[in-house]
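Q: Sequence first, then the predicted structure:
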Amino acid sequence: MKKAICHYSFHRRWDAEKWDANRLAEEVRNLGVEGVDFHVRYLKTPAEAPSLILNAIGKHGLVLSGLSMSNDFNTDDPAKFKQQVDAVKNWVPVIDKVRAPVSRIFGGHLPPEQRLDAAAKAKGRQRILDALEIILREAEKHGIVFALENHGGLPCTGEEQVDVIKTVNSPLLRATIDVGNYMQGGQEGHVGTKVAAEYCAYVHFKDFRKVKDETKPWGWTIEACTVGDGDVDHPACIAELQKIGYDGFIALEYEGPEDEQTGVPRSVDYMNKVMP
């Protein structure tokens, strides 16, 4: 397995300190990590992005672990749905040009109060399937792999990821296993990892603490924290990935409230301790 850091891990410093792609790559290199994941939200246009990415990783001797999308296909507004689909399609040639091994995508936002609403979930699932059918036609032209993350509410659990991936039935759609996000649906990280591991093409390493919440069916809500300080069983997640022979990138996605100048290095130190 290889280590990487997601662009989003530094989103506060990116904004506050006016970073660019080169500065991000420099910080990742200085932390002794080999890979970096760029997020399209923080890049310029699709036309400008390839040179920014390739120059940055080339200058600092890094490997591009992935290129991350930020989409929401669960909308009943046809114009907004098309906008979300087109936004992903516009980045497909970029994924190809920068030779990203995988591109993280989302399914759709589903509010917590709708997670037990079978009709709402069914409608959202179909919208996601409809969108994936379109963008995978573009992916086929370039031979790129999209990895569907358990984010935003749908899919959230490992079972929901696997359901969508098996329904689509394309080698170009795999899973991004976010070991923390499973907890948003009341599923332990290592349990969701075990369920989706067979389809894994990418991994996000993050952490959450459980906070008692009797309004949730599972009895708790979550709060982000520095990796290693929370309730995700990272060694168990890694063990499940080892069982299926996963040898790709594990990318730190730091979301904790601790200052990124200390929270990210502490998270990297923890990664170094628990990763093989």
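A: Yep, that arrived. Everything quoted here is computed from the prediction, not taken from an experiment.

Q: Now do the strands in the stretch 101-250 of the chain.
A: Counting by DSSP state E, counting those that start in this stretch, the stretch 101-250 of the chain has strands at residues 103-105, 108-109, 146-149, 153-154, 173-178, 200-205, 208-212, 220-224, 249-252.

Q: and V191, which of these is closest to it?
A: Ranking these by proximity to V191 (CB to CB) places strand 173-178 first, at 11.5 Å. Where C-beta positions appear, they are placed from N, C-alpha and C, glycine not excepted.

Q: what angle separates the closest one from strand 200-205?
A: In terms of direction (axes from the mean of the first three to the mean of the last three CA atoms, to 10 degrees), strand 173-178 departs from strand 200-205 by 20 degrees.

Q: What mean pLDDT does strand 173-178 get?
A: On average, the pLDDT along strand 173-178 is 98.

Q: Now do the buried residues in that strand.
A: L173, R174, A175, T176, I177, D178 (16 or more other CB atoms under 10 Å).

Q: need the next SSE after the stretch of helix or strand I53 belongs to, C-terminal direction.
A: Assigned by DSSP states H and E, I53 falls within helix 49-60. Sequence order places strand 63-68 as the next helix or strand after helix 49-60, per DSSP H and E.

Q: Name the strands paired with that following strand and say parallel or antiparallel.
A: Strand 63-68 sits in its sheet next to strand 35-39 (parallel), going by DSSP bridges.

Q: now the buried residues of strand 173-178 as TSV including distance to H39?
A: Conversion of the buried residues of strand 173-178 to TSV gives the following (distance: CB to CB, whole Å):
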residue	distance to H39
L173	20
R174	19
A175	19
T176	13
I177	18
D178	14
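
Q: Which pair of those spans the longest distance?
A: L173 and D178 (16.2 Å).

Q: For the residue nearest to I128 when sequence neighbours are not counted, give me the pLDDT.
A: Distances taken as CB to CB, 6 or more residues apart in numbering place G107 nearest to I128, at 4.4 Å, with adjacent residues excluded. With respect to pLDDT, G107 scores 98.

Q: how about the helices in the stretch 151-276 of the chain?
A: 158-168, 189-196, 234-243, 260-274 (DSSP state H, counting those that start in this stretch).

Q: So which elements touch the third one?
A: Which is helix 234-243. Judged by 3 or more CB pairs under 8 Å, 6 or more residues apart in numbering; DSSP states H and E, the packing partners of helix 234-243 are helix 189-196, strand 200-205, helix 260-274.

Q: Pull out the buried residues from the last one.
A: In this case it means helix 260-274. Neighbour-count burial for helix 260-274, counted by 16+ other CB under 10 Å, picks out E260, G263, V264, P265, R266, S267, V268, Y270, M271.

Q: So which residues make contact with that helix?
A: Residues outside helix 260-274 that contact it (CB atoms under 8 Å, 6 or more residues apart in numbering) are 3, 5, 9-10, 12-13, 31-33, 205, 207, 226-228, 234-235, 238, 250, 252, 254, 256-258.

Q: returning to what we had before: and the strands of the stretch 101-250 of the chain: which comes nearest L116?
A: Nearest to L116, of all those, is strand 153-154, at 11.6 Å by CB to CB.

Q: residues making contact with the closest one?
A: Against strand 153-154 from outside (CB under 8 Å, 6+ apart): 74, 107-112, 114-115, 121, 124-125, 128, 160, 184-185.

Q: Can you tell me which of the helices and strands packed on helix 234-243 is nearest to I134?
A: Nearest of the helices and strands packed on helix 234-243 (CB to CB): strand 200-205, 20.0 Å.

Q: hang on, the earlier thing: which one of the helices and strands packed on helix 234-243 lies nearest to A47?
A: Nearest to A47, of all the helices and strands packed on helix 234-243, is strand 200-205, at 25.4 Å by CB to CB.

Q: neighbouring strands for the closest one, and are they parallel or not?
A: Strand pairing for strand 200-205, determined by DSSP bridges: strand 173-178 (parallel), strand 249-252 (parallel).

Q: now the angle from the longest one to helix 189-196?
A: Spelled out, it's strand 173-178. Angle of strand 173-178 versus helix 189-196, following the same axes, to 10 degrees, is 170 degrees.
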